[in-house]
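Colleague: give the three-dimensional model of this entry:
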Amino acid sequence: MKNQLFFAAVLLMFAACNDPIFYTISQEVEPKDPRINGGPTNFTSFNNAMYVASGNTLHRYTKDGWDKKEKVPQPDGRIIRLAATGNYLYALCRKDESTVIKRYPNKSNKWEEIGGETGSYKDLQSIYEAGDKVFIGAENNDFFTFFRIDDSASANAAIKKITGVPIPKGENKEHAGELCGAAFNGSYYYLCTKDTYVMEKDKDDKDIGIAGIFQLDISANTASRIDSSKDKGFTGIINLDDINIAAITREGILYNVKAGSVTKTNISMDSMSNGALAIWTHKDKPSQRLLLAARQDSLEYSVYTGYTYGYLELELDSTKPNGIKDGAVFTEPGKKAISSIEDSNNDLYKSTIGKHPVTHLFQTPDDVDSKRILFASTQKSGVWSYREREWNAEE
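Modeller: Here you go, the predicted structure:
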């Protein structure tokens with residue numbers, strides 16, 4: 001009888017070890033205490049360094065690792081978002097009840113506040129970089145517009161108006177929409193807005209939101225809306241390469257953006273997109289490239305609701321007309337041979353970063369770190385990175 005019980009226990013243990021649930025549990029990684037806590041900002045690179053912020057603190061990362069906080073010049077105020085050009089690092093900050101943009105010269109260690117032609121749009125909400133230019137999203141009484149920053153101008157005149165952007169006047173309530181991204185194809189800049197563009201009323205006299213993408217000729221300083229189809233709700237836009245640009249909707253559907261047109265593709269995440277997009281390139285095989293897109297399958301964050309967060313991957317091919325490999329679909333990391341994680345270990349992905357809402361993704365360029373480390377900002381769990389074949393909080 002004892003032998004029978006022993007063999008039954010062995011069989012039970014063997015079955016458990018081969019159960020997918022138990023295997024996934026076995027892949028769980030002991031979490032590290034994050035160096036950068038909370039809900040960090042986006043990442044940007046400037047002067048051979050990567051920057052990210054959380055709360056009032058700006059952090060700097062180089063090939064030698066993270067600098068001590070006291071060595072990093074601080075812009076003062078709660079840092080909302082970062083952007084950079086070849087000349088300046090920019091920080092959108094909230095201080096007291098107002099928002100301001102500050103710039104940090106690469107030949108100085110002092111921050112200076114910039115101003116300009118914002119008019120009544122004093123609530124500066126976002127900054128996005130594209131093609132060595134920075135664009136500003138601003139709001140006034142639930143109406144939105146955007147501006148550009150002129151690097152060559154003095155600090156008090158750096159913010160410039162853009163002609164062709166709808167501004168509400170009288171009964172005309174049309175406006176540009178909330179800015180959620182920018183891209184550049186070598187000829188034009190493209191500014192992506194969420195579905196807050198008021199253009200008409202429905203049968204109940206409620207405003208209908210219209211998503212819009214604007215094409216900007218920087219030499220003429222003129223923008224024109226090239227897409228305003230209803231119910232798209234764009235959340236982000238990105239350069240797939242030097243020419244091809246893609247925008248993504250809240251529903252996770254990709255659109256191609258070209259001169260004068262925005263075209264729907266048959267590629268979808270099959271989950272909600274929060275707009276966090278990045279390009280990943282294999283550090284040793286530059287032809288292997290992926291579009292990374294953060295997903296959000298639940299509006300409420302909980303590590304107990306299942307592996308519905310993290311990000312998905314889409315294989316790219318710059319030789320194709322839209323920059324996407326033929327037949328490519330969004331896939332969880334580790335499920336295909338070309339992936340941002342090694343060893344095709346999808347279970348390890350699901351037990352780590354797959355549990356957390358990702359708000360920003362960034363791979364270091366060579367001039368910052370030749371190891372091409374992939375970083376992520378999470379909603380509540382600080383900055384993470386992919387090192388030594390696993391995702392974990394960055395120490």
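Colleague: show me how far stretch 272-279 is from its chain's centre.
Modeller: Relative to the chain's own centre, stretch 272-279 is displaced by 5 Å; criterion: Cα atoms, centre = their mean, to the nearest Å.
Colleague: any idea of the mean pLDDT in that stretch?
Modeller: Per-region confidence: stretch 272-279 scores 96 on mean pLDDT.
Colleague: same thing with stretch 297-310?
Modeller: 59.
Colleague: so residue 278: helix, strand or coil?
Modeller: Assigned with DSSP: H, G, I helix; E, B strand; the rest coil, residue 278 falls in the strand class.
Colleague: what's around it, how many residues?
Modeller: 22 (other Cβ atoms under 10 Å). (C-beta placed from N, C-alpha, C; glycine too.)
Colleague: so residue 94 sits right up against residue 80, yeah?
Modeller: Yes - counting by Cβ atoms under 8 Å, residue 80 is a contact partner of residue 94 at 6.0 Å.
Colleague: of the two, which one has the most company?
Modeller: For residue 94 and residue 80, the more surrounded residue by other Cβ under 10 Å is residue 80, and the numbers stand at 18 against 14.
Colleague: now the helices for the stretch 201-350 of the chain?
Modeller: With DSSP state H, counting those that start in this stretch, the ranges of helices along the stretch 201-350 of the chain come out as 346-350.
Colleague: so, low pLDDT: which residues of it?
Modeller: Under the criterion of pLDDT under 70, the regions of the stretch 201-350 of the chain flagged as low confidence span 201-203, 205-211, 228-231, 298-307.
Colleague: please enumerate the strands of it.
Modeller: According to DSSP state E, counting those that start in this stretch, the stretch 201-350 of the chain carries its strands in the segments 207-217, 222-227, 234-239, 245-249, 253-258, 261-268, 273-281, 289-295, 311-315.
Colleague: can you put these in a markdown table and add distance to residue 370?
Modeller: Conversion of those to a markdown table gives the following (distance: least, Cβ to Cβ, whole Å):
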| stretch | distance to residue 370 |
| --- | --- |
| strand 207-217 | 34 |
| strand 222-227 | 38 |
| strand 234-239 | 22 |
| strand 245-249 | 27 |
| strand 253-258 | 31 |
| strand 261-268 | 32 |
| strand 273-281 | 12 |
| strand 289-295 | 17 |
| strand 311-315 | 22 |
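Colleague: residue 29 is nearest to which of those?
Modeller: strand 311-315 (17.1 Å; Cβ to Cβ).
Colleague: distance of residue 161 from residue 223?
Modeller: 10 Å (Cβ to Cβ, to the nearest Å).
Colleague: can you verify my assumption that residue 332 contacts residue 354?
Modeller: Yes - contact status for residue 332 versus residue 354: in contact at 7.4 Å, counting by Cβ under 8 Å.
Colleague: give me the common contacts of these two.
Modeller: Where contact means Cβ atoms under 8 Å, 6 or more residues apart in numbering, the residues bridging residue 332 and residue 354 through contact with each are residue 310.
Colleague: ok, these two, which is more surrounded?
Modeller: Counted by other Cβ under 10 Å, residue 332 and residue 354 do not tie: residue 354 has more neighbours, with 22 against 18.
Colleague: and that one, that's in a helix?
Modeller: Yes - the assignment for residue 354, made by three-state DSSP, places it in a helix.
Colleague: how about the nearest residue to it, chain neighbours excluded?
Modeller: Counting by Cβ to Cβ, 6 or more residues apart in numbering, residue 310 is the residue found nearest to residue 354 once chain neighbours are left out, at 3.8 Å.
Colleague: in stretch 58-75, which residues are buried?
Modeller: 58, 59, 60, 61, 66, 72, 74, 75 (16 or more other Cβ atoms under 10 Å).
Colleague: ok, the third one - contacts?
Modeller: Spelled out, that is residue 60. If a contact means Cβ under 8 Å, 6+ apart, then residue 60 has 49, 50, 51, 66, 67, 71, 72 as its contacts.
Colleague: so it bridges to which residues?
Modeller: Assessed by DSSP bridges, residue 60 has beta-bridge partners residue 51.
Colleague: from residue 389, how far off is it?
Modeller: 26 Å.
Colleague: no more questions from me, cheers.
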